[in-house]
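*Asks:* Generate coordinates for the sequence data below:
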Amino acid sequence: MPDKVYVITGPTSGFGRRTALELAKHGTVVLVGRNAAKLDDMRSIIVGRGGKALSVLCDLSDPTSVRRAVAQITELGLPITGVLNNAGIFPNRPGTNALGWDTAYATNHIGPFVFTETLVPHLEDGAQVVFIVSAVEDPERKAATMSGFRGARYISAEASARGEWKPGGSKLPGADAYATSKQCNLATVLAFARETPRLRFNAIEPGFAPGTNLGRDAGLFLRLLSKYVLSPLAPLIKYWTNPGTAARMITRILTDESDTTGVYYDEKGRPMRGSAQVHDPAFNARVVAETRALLGTVDV
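*Replies:* Numbers count the residues shown, from 1 in each chain. Next up, the predicted model:
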């Protein structure tokens, strides 16, 4: 049985791909994603480099698929040391999943929430659970507002699932859904850290990375410019990063064996603050309670 096992969602591109390769230097990696061919390719690369990897199919926009994936993972009986909730999307047009829930909110918040909460009883004491979040949830973050974001627009979990956001939001397509879902990720981390002290829950703002697959809906020119021109320069720019730099920082935090929990890290791996709202214990507890209530309304 391996000494260290790390579970990572979204391991086939961007931050996830580079972090999976870094984590494979520290133990067995369980690759969780929705594309079987890409998962197999990633597993082959890790094995070809002398590492160990397993793959599990999972569509994070579908809570039933998420619970099925967790069942498969727990049946492996592996001593899970760390979990990285990395997968996320930023669609530039509204969409819904099979339950009629907003696709971005379901994929970025509901899926990781169900994944983590279902997995928690099976994690080793002291296991590290990390969520990749985003500072665009903070309406006071100047770099985010200059890019067109207006912070998270949370009304309730039920309203978010319907794709409804607090008035006065962004004109940038998909921005309110993305910022709100990422605020709910961070709220989940802060609330779970209080609820379950035997585990460690932390969040990372990895920085803006023009080289990731998050902007997959952008035009071809912008995607090529981002990948081959902007990405190499990104670590030199404040709040920016690239997948390789971010992967090393994420791996350092995920493999950290200290008791640190409930911490939000910036792109350099330094503690940072999110919005005043998300750090309010009453607010982040409400997000968790409302998410659980929403999930209680469906048979998944």
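*Asks:* C-alpha from now on. contacts and neighbour counts both.
*Replies:* Fine.
*Asks:* so where is the stretch 101-250 of the chain shaky, pLDDT-wise?
*Replies:* Along the stretch 101-250 of the chain, the parts satisfying pLDDT under 70 run over 211-233, 236.
*Asks:* Please, where are all the helices along it?
*Replies:* Taking DSSP state H, counting those that start in this stretch as the criterion, the stretch 101-250 of the chain contains helices spanning 103-105, 111-119, 142-146, 157-161, 175-195, 220-225, 231-233, 243-254.
*Asks:* Does anything pack onto the second one? Which helices or strands?
*Replies:* Read it as helix 111-119. For helix 111-119, the contact count by 3 or more CA pairs under 8 Å, 6 or more residues apart in numbering; DSSP states H and E identifies helix 63-75 as packing neighbours.
*Asks:* The helix it packs on versus helix 111-119: what angle between them?
*Replies:* Following axes from the mean of the first three to the mean of the last three CA atoms, to 10 degrees, one obtains 40 degrees for the angle between helix 63-75 and helix 111-119.
*Asks:* How about residues contacting helix 63-75?
*Replies:* The contact list for helix 63-75 (CA atoms under 8 Å, 6 or more residues apart in numbering) reads 56-60, 110-111, 114-115, 118-119, 122, 300.
*Asks:* repeat that with 10 Å
*Replies:* Here helix 63-75 makes contact (CA atoms under 10 Å, 6 or more residues apart in numbering) with 7, 30, 32-34, 54-60, 80, 97-99, 106-107, 110-119, 121-123, 295, 298-300.
*Asks:* Which members of those residues are positioned in strands?
*Replies:* Mapping those onto strands (DSSP state E) picks out 7, 30, 32-33, 54-57, 80.
*Asks:* Pipe the residues you listed into CSV and attach pLDDT, neighbour count and distance to S258 per row.
*Replies:* Output for the ones in strands among the contacts of helix 63-75, formatted as CSV (pLDDT from 0 to 100; neighbours: other CA atoms under 10 Å; distance: CA to CA, whole Å):
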residue, pLDDT, neighbour count, distance to S258
V7, 98, 24, 19
V30, 98, 25, 23
V32, 98, 28, 26
G33, 98, 21, 29
L54, 98, 19, 27
S55, 98, 22, 28
V56, 98, 20, 29
L57, 98, 19, 31
I80, 97, 24, 16
